[in-house]
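coords please:
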Amino acid sequence: MANIVCCLIVTLCIAAAMTQECPAGMKKRGNICCKPVTCKKNEDYQLCNDTHTEDRCTPCPPNTTNQDIINTSNVDEQLPGICKEINCNPKVRCLPEAMISNPDDCLKSGIAKCECNLTGGYCGEDPNTCREWEGNVTDLRKGVGLTQICQVENCKPGYYKDKVGYGQCLKHKECSLEEEIIFKGNSTMNRQCGPLTQTTTPTKSTKIFDANSTSPSSDGTADTDKIPVIIGSVVGCIILIVVIFVVVAIIYRRRRGRNNANPGDEEQNRGLAPNGQRMEPQLPNGREGSEPLTNGQGMVDTAC
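Numbering: from 1, shown residues only. As a prediction, this is how the structure comes out:
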């Protein structure tokens, strides 16, 4: 009896767990709760197999693509074939009178855009209703192309057509970073590129400069950083010249002052009169320096 009761309790617990709702932010699928994710383009999704785990996104296999963004919160079961094979064969993707207009993008995304085959003489805005051009093929000379609206026009700048007959104007070739333009191209000839003749490889696209214009620096800007150096050098030279001029002027004035000094002063310093005779020292009582002094008794005073 006890075993039967235990079995009933376990069964009720399992049934309660199966009917229990998932926590917020989780997606319930059957008996498990999964955390949904958002898968980007070129990705497939994988739903979780264990409860309270997260769904996963996986890259599409090679040569396959998926152009849809998938949020697994809106998915209840795993669907096959999310990533589809890329097929850019115009005979498969387009009508016989049409062609793929984006072959490079088609190889990446798997999305083929068809347009009427102008090279085959078909035109029209709708690739599903292309019609054959009814004009004279001799009108389609070099530099003149056929448009999708079945009109003839001259090639615009940057486009060319180098053959006579059906076809549209094609865009000029773009030179790579390791190339320079040898021939710019015109309406009847494509642009020609060649290896760079300079020693350094540019980091930006090559620009064409006029031969008479000032050559730019390596980073494409003028050497404006040299201007402060030049100005500083000029100012320094001017200051040096001024200092030299002041020193020379001071020396010149001193020499000139010596030459213009009073000659009597110099002669007096040497003990000579202005007339060149030797000066006698002046003594008290008006005596000349050659007369001896007496003490009033006729005796010579030798105290001096």
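
tell me which element V235 falls in.
helix 227-259 (DSSP states H and E).

for that helix, what is the average pLDDT?
Averaged across helix 227-259, the pLDDT comes to 84.

same check, this time on stretch 146-163
94.

check what pLDDT the nearest residue to G121 once chain neighbours are set aside gets.
Distance criterion Cβ to Cβ, 6 or more residues apart in numbering; nearest residue to G121, sequence neighbours excluded, is Y166 at 4.4 Å. Placement of C-beta: from N, CA and C, glycine included. Looking at Y166, its pLDDT is 93.

thought Y166 was touching C123?
No: contact criterion Cβ atoms under 8 Å: Y166 and C123 do not qualify, at 9.3 Å.

so what strands line up beside the host helix or strand of E115?
Element membership of E115 [criterion: DSSP H and E] is strand 114-116. Partner strands for strand 114-116, per DSSP bridges, with pairing direction: strand 98-100 (antiparallel).

re earlier: what lies in contact with the strand holding E115?
For strand 114-116, the surrounding residues in contact (Cβ atoms under 8 Å, 6 or more residues apart in numbering) are 90, 93-95, 97-101, 122-124, 127, 130, 148.

okay, now the domains of this structure?
22-81, 86-124, 133-199 (automatic domain parsing).

let's have these in CSV, adding mean neighbour count and distance to R253.
Putting these into CSV (neighbours: other Cβ atoms under 10 Å; distance: least, Cβ to Cβ, whole Å) gives the following:
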stretch, mean neighbour count, distance to R253
domain 22-81, 14, 89
domain 86-124, 17, 87
domain 133-199, 14, 60
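
so which of the ones you listed gets nearest S233?
Closest approach to S233 among the domains of the chain (Cβ to Cβ): domain 133-199, 29.9 Å.

low-confidence ranges in this structure?
Applying pLDDT under 70 to the chain flags the ranges 1-20, 198-226, 259-304.

which stretches of it form helices?
Using DSSP state H, the helices of the chain run over residues 2-19, 90-93, 103-109, 227-259, 263-269.

and the residue lying closest to K142 once chain neighbours are set aside, what does it touch?
Once flanking residues are discounted, K142 sits nearest to T188: 4.3 Å by Cβ to Cβ, 6+ apart. Counting by Cβ under 8 Å, 6+ apart, T188 touches 142-143, 155, 160-162.

swap in C57?
37-40, 43-46.

can you pull up the bridge partners for the closest residue in space to it that isn't next to it in sequence?
In this structure, C57 finds its nearest non-sequential neighbour in C39, 3.9 Å apart by Cβ to Cβ, 6+ apart. Assessed by DSSP bridges, C39 has beta-bridge partners I70.

what lies in contact with stretch 26-39?
18, 21-23, 25, 45, 47-57, 69-73, 75-77.

recalculate using a threshold of 6 Å.
Stretch 26-39 has contacts (Cβ atoms under 6 Å, 6 or more residues apart in numbering) with 18, 22, 45, 48, 51-52, 54-55, 57, 70-73.

how about those residues, which pair is most distant?
M18 and C57 (28.5 Å).

any chance you could map the strands in the stretch 151-300 of the chain?
Secondary structure of the stretch 151-300 of the chain by DSSP state E, counting those that start in this stretch: the strands cover 152-154, 159-160, 170-171, 179-183, 192-195.

and the second one, which strands flank it?
Read that as strand 159-160. strand 170-171 (antiparallel).

please apply the same query to the longest one.
Sheet neighbours of strand 179-183, with direction, are listed as strand 192-195 (antiparallel) (DSSP bridges).

so which residues make contact with the partner strand?
Counting by Cβ under 6 Å, 6+ apart, 175, 179, 182-183 sit against strand 192-195.

need those residues in JSON lines (columns: distance to V248).
Formatted as JSON lines, these follow (distance: Cβ to Cβ, whole Å):
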{"residue": "C175", "distance to V248": "63"}
{"residue": "E179", "distance to V248": "63"}
{"residue": "I182", "distance to V248": "63"}
{"residue": "F183", "distance to V248": "66"}
